[in-house]
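> return atomic coordinates for the entry below.
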Amino acid sequence: MAITRVWLDESKEDCTMCGLCQTICPKVFIVPEKMALRDDADLSCQHELLKAAESCPVNVIALEFNNSGKRGNIDE
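This next block holds a predicted model:
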């Protein structure tokens, strides 16, 4: 299952700017004031992306798998 898109989903919670995502996957995330995706985000670091999404304390890292067009669940 490949991650094909990543975005910040603050529909339920706001990013707490803890920086954990950047620590785990700096090729994709930056946290200057609020989590953002790097312009040159490297989605090939699949393991780190999953770990960052699973570790997010407020679950705002959204992942799309296999160009499904919707937010996927990590457990799928």
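> list of residues touching the lowest-mean-pLDDT helix or strand in the chain?
Taking mean pLDDT, DSSP states H and E as the measure, the helices and strands of the chain show their lowest mean at strand 36-37, namely a mean of 87. Residues external to strand 36-37 that are found in contact with it (C-beta atoms under 8 Å, 6 or more residues apart in numbering): 6-8, 28-30. Where C-beta positions appear, they are placed from N, C-alpha and C, glycine not excepted.
> 6 Å instead?
Contacts to strand 36-37, defined as C-beta atoms under 6 Å, 6 or more residues apart in numbering, come from residues Ile30.
> check the gap between the residue most central in space within the chain and Thr16 for me.
For the chain, the residue nearest the mean C-alpha position is Ile61 (3.8 Å; C-alpha atoms, centre = their mean). Per C-beta to C-beta, to the nearest Å, Ile61 is found 12 Å from Thr16.
> rewinding a little: doesn't Glu54 make contact with the residue nearest to the centre of the chain?
No: no contact is recorded between Ile61 and Glu54 when judged using C-beta atoms under 6 Å, the distance being 8.8 Å.
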